[in-house]
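Student: Sequence plus the predicted model coming up.
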Amino acid sequence: MTVKRPVIRKDGKDKVTGRAQYVDDLCFPNMIYGVSVRSSVARGKIQKITYEGDLPWKDITVATSHDLPGPNVVAHILQDQQCLATENVQHPDEAILLLAHPDRQLLEEARRKVRVEIDPLPSIHSIEDSLNQKTVIWGKDNILKSFVIEKGNIAPLWNEAALVVQGEYRTGAQEQLYIEPNGMIASVSPAGITVWGSMQCPYYVHHALMVAFNLPKEKVRVIQTETGGGFGGKEDYPSMIACHAALLSLKSGKPVKIIYDRAEDMACTTKRHPSITRHKTALSKDGKLLAMDIEFLLDGGAYATMSPVVLSRGAIHAAGAYNCPNIRITAKALATNTAPYGAFRGFGAPQSLFALEMHMDRIALQAGLTPEEFRARNFLQEGHVTATGQTLRENPDLPGLMGTALNALGYHAKRANYADHNRNPNSRIKKGVGFSVFLHGAGFTGSGEKNLASVVAVEATPFGRVRVLASSTEIGQGARTVFAQLAADALGIDYDQVDVAQPDTHIVPNSGPTVASRTTMIVGKLVETAAIGLKEILIQSGHLKSECSTEDFSDQFRNACASYIKAAGPLKSFAQYQQPGHIQWDDTKYQGDAYGTFTWAVYAAEVSVDLTTYEARVDNFVAAQEVGKVIHPVLAAGQIEGGVTQGIGYALYEEVRLENGRMINNRMTNYIVPTAQDVPPIQVIFAENPYAHGPHGAKGIGELPLDGVAPAILNAVAFATGTTLTEIPLLPETLMRAMSNE
């Protein structure tokens, strides 16, 4: 049995030896290179394009939107984003035209010599200005998407409440900063389009190419190369680059490679949405939640892209892990003249949960309760109903999880000791502890998984080797390894007998995108089911005995595969997602079972704050979570540690600085992320509560760890300084301003 064991990664050897082929490692005969010419203004009308300089322009391929065979859109949720700007630009660095040439140096010189004259138009650069319609830049009211989630009736509770607490909380943008920048190679021929690239979602790219080039599905082929990280940043944007590379290939008749450098990647690709969340909360005299009125606002940037679904998840998570009989959540994603914001690990939940968990500490303080006592009085339990009307069919045991995390940190003793320490006026280093409690829905929201109807296949060779066929991508998280573990255990064969195909839309079925904490829980279950189905084919056909000796099963399986294939042909088993019967969701009312299951966590942080420099530092961190059953303990712990590290950056260091909508710190020298010296010891604790519809009881894990890090840290800083904190990143100047205003 390989499940629950730290088997060697399927992709590990090739990566450490350098054999793994990333997109920029690939080269094809007659291949040329492509670049984008981009807007210099936030919003405006294109007047004129000229090509200057003593350059061989006749040898340079130039492509504009007019060269597209299909509509000028990057097809995704809403078809509002231009593939190339034609008449108007909506954000700085929006692509206007494309250039290609074999000489990269000459190509860069040509890019600098293209002059695009744009008449500027009024632009919007804040959530407030967009909401107030300072000028209308999208639709009729700048609202990319809106939701209202209601449970009970909040109206009468404000006068009945013993305490009403209000607060406003803000989060900034965050850059995914994956190790490998975006890149694509495209080759167009009469047979169709083939692209190779760094991506999370091959079938998203496939769909976008079908639309933009007006081609049937069989004439588009998308192949994922080794991908150096994604974190959501390679969910939808690769469709844009694929369309650009394919258009240049169509125009030039040659394969075209487009690889962004780090500055271009950071400036023009998607990031985490900035947010404003406003809470108004009513409490009874015994500290029970009576009503929650939450306004959740996201800056979506110039086009909708992923904003509707990021808003959806953020809004659903806005009431958190708490039982409240009356809730109203009003959520809006608003257009601004910046590059569109998109998917990033957590997908809206880190924004809304930051606000909620900061607000929970504020309520506890005003109610005269400790943070843990107040939360314990209001935890969701089995049988309780969430904001969307979902009845919990599991016991999250949040009191137990909270006790585990706080005890591991030594929270209670440290809180008492640090309270004494911080009262010393001569101490310039203040100490604090804090925590957060949160949940994360695993899989697509609502009817998303049902509508996607993902498919996985498992096939065998005459030599008894098995190959898993799925479009789910390996982006560093260990998908290939987990799929091989699940298939091997389902078949009863050695882990080394299982291969996992590189995603290629001509070979693998559509198992859906590698997003939403769904890969192991949803697709992994399909892998397990398809593998069981393959074994059943062998048994039902009489080629394999139902009761086999475990000592020589590998030989029996190999012989069975060989005899079946000789007699009947290819041996392949498919599995398609079937939604569990208990999941019911109303897309119109936004009510019902938002997720098949939730993961639950309590994160606790210990911090030091230097009152000379106003720098906060995380000294110790405990991450306790219930994630169903753990398939690979080392990979699972790595996911938590990586998410905590990104959360530390989100909380304390990572500021996307914008000037008229353009990112001006788009370098790794001035966009600051945590280094090894900034990361504290991280104690990872797993509590296991198997989920009936996950493989071996597993739930999704990838996004959860980023959700609760920032509020745990800032609650600790607030305790250390005695200051009310409401925004991240908590840069030294931010903390200094907050303490000056107290």
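Tutor: Sure, I can see it. Numbers count the residues shown, from 1 in each chain.
Student: Touching, residue 534 and residue 460? I think so.
Tutor: Yes: contact criterion Cβ atoms under 8 Å: residue 534 and residue 460 qualify, at 6.2 Å. Any C-beta I mention is one placed from the backbone N, CA and C, and that applies to glycine too.
Student: list residues touching both of these two?
Tutor: Taking Cβ atoms under 8 Å, 6 or more residues apart in numbering as the contact rule, residue 534 and residue 460 both touch 466, 571, 572.
Student: When residue 534 and residue 460 are compared, which one has more neighbours?
Tutor: The residue with more neighbours, out of residue 534 and residue 460, is residue 460; 28 against 25, by other Cβ atoms under 10 Å.
Student: so what's the more buried one bridging to?
Tutor: Beta-bridge partners for residue 460, by DSSP bridges, are residue 466, residue 571.
Student: list the contacts for it?
Tutor: If you count contacts by Cβ under 8 Å, 6+ apart, residue 460 has them with 466, 467, 534, 561, 565, 571, 572.
Student: just residue 203 next, same as before
Tutor: Residue 203 makes contact with 222, 471, 505, 510, 512, 513 under the criterion Cβ under 8 Å, 6+ apart.
Student: so what's residue 507 up against?
Tutor: The neighbours of residue 507, taking Cβ under 8 Å, 6+ apart as the test, are 469, 501.
Student: The chain should start at 197 in everything you say after this.
Tutor: New numbering, starting at 197: the last item is residue 703.
Student: can you tell me the helix or strand for it?
Tutor: Secondary-structure element containing residue 703, defined by DSSP states H and E: none, the residue being outside all helices and strands.
Student: tell me which element residue 364 is part of?
Tutor: Assessed by DSSP H and E, residue 364 sits inside strand 359-367.
Student: Sheet-wise, list the partners of that strand with their directions.
Tutor: Take DSSP bridges as the rule and strand 359-367 pairs in its sheet with strand 471-479 (antiparallel), strand 923-924 (parallel).
Student: Output it as PDB, nothing but the C-alphas.
Tutor: Taking Å, rounded to 0.1, in the frame of the first residue of the first chain, the C-alpha atoms of strand 359-367 are listed here in PDB:
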ATOM      1  CA  LEU A 359     -23.800  44.800  21.500                       C
ATOM      2  CA  VAL A 360     -23.300  46.000  17.900                       C
ATOM      3  CA  VAL A 361     -19.700  46.100  16.500                       C
ATOM      4  CA  GLN A 362     -18.700  47.600  13.200                       C
ATOM      5  CA  GLY A 363     -15.400  47.500  11.300                       C
ATOM      6  CA  GLU A 364     -13.900  48.000   7.900                       C
ATOM      7  CA  TYR A 365     -10.900  45.900   6.700                       C
ATOM      8  CA  ARG A 366      -8.700  46.200   3.600                       C
ATOM      9  CA  THR A 367      -6.400  43.800   1.800                       C
END
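Student: re the thing from before, give me the buried subset of the contacts of residue 656.
Tutor: Burial of those was assessed by neighbour count (16 or more other Cβ atoms under 10 Å); the buried members are 662, 663, 730, 757, 761, 767.
Student: The fourth one should be in a strand, yeah?
Tutor: No: Residue 757 is assigned helix when assessed by DSSP: H, G, I helix; E, B strand; the rest coil, not a strand.
Student: measure it to residue 663 for me?
Tutor: Summarising the geometry, the distance separating residue 757 from residue 663, computed by Cβ to Cβ, to the nearest Å, is 12 Å.
Student: Could you tell me which residues touch both of the two?
Tutor: With contacts defined as Cβ under 8 Å, 6+ apart, the residues adjacent to both residue 757 and residue 663 are 656, 657.
Student: Now do the contacts for residue 403.
Tutor: For residue 403, the set of contacting residues under the criterion of Cβ under 8 Å, 6+ apart consists of 271, 435.
Student: can you redo the shared contacts of residue 730 and residue 656 as a markdown table with pLDDT and distance to residue 921?
Tutor: Converted to a markdown table, the shared contacts of residue 730 and residue 656 look like this (pLDDT from 0 to 100; distance: Cβ to Cβ, whole Å):
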| residue | pLDDT | distance to residue 921 |
| --- | --- | --- |
| 662 | 98 | 53 |
| 767 | 98 | 60 |
| 768 | 98 | 56 |
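Student: Output those as JSON lines; include the columns distance to residue 607.
Tutor: Listed next are the shared contacts of residue 730 and residue 656 as JSON lines, based on distance: Cβ to Cβ, whole Å:
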{"residue": "662", "distance to residue 607": "48"}
{"residue": "767", "distance to residue 607": "55"}
{"residue": "768", "distance to residue 607": "53"}
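Student: now, which of the buried ones among the contacts of residue 656 sits nearest residue 338?
Tutor: Among the buried ones among the contacts of residue 656, residue 663 lies closest to residue 338 (Cβ to Cβ), at 48.8 Å.
Student: Not counting its neighbours along the chain, what's nearest that closest one?
Tutor: With Cβ to Cβ, 6 or more residues apart in numbering as the criterion, residue 663 has its nearest non-adjacent residue at 4.7 Å, and that residue is residue 695.
Student: Secondary structure element holding that neighbour?
Tutor: Under DSSP H and E, the secondary-structure element containing residue 695 is strand 694-696.
Student: tell me the average confidence for that strand?
Tutor: If you average the pLDDT over strand 694-696, you get 98.
Student: List the neighbouring strands of it plus their orientation.
Tutor: Paired neighbours of strand 694-696 in the sheet (DSSP bridges): strand 662-665 (parallel).
Student: which residues are contacting whichever helix or strand comes after the strand it pairs with?
Tutor: Heading C-terminal from strand 662-665, the first helix or strand you meet, by DSSP H and E, is helix 675-687. Residues from elsewhere that reach helix 675-687 (Cβ under 8 Å, 6+ apart): 197-199, 201, 203-207, 654, 662, 664, 666, 668-670, 690-691, 693-696, 710, 715-716, 719-720, 723-724, 726-728, 730-731, 753, 827-828, 831, 891-892.
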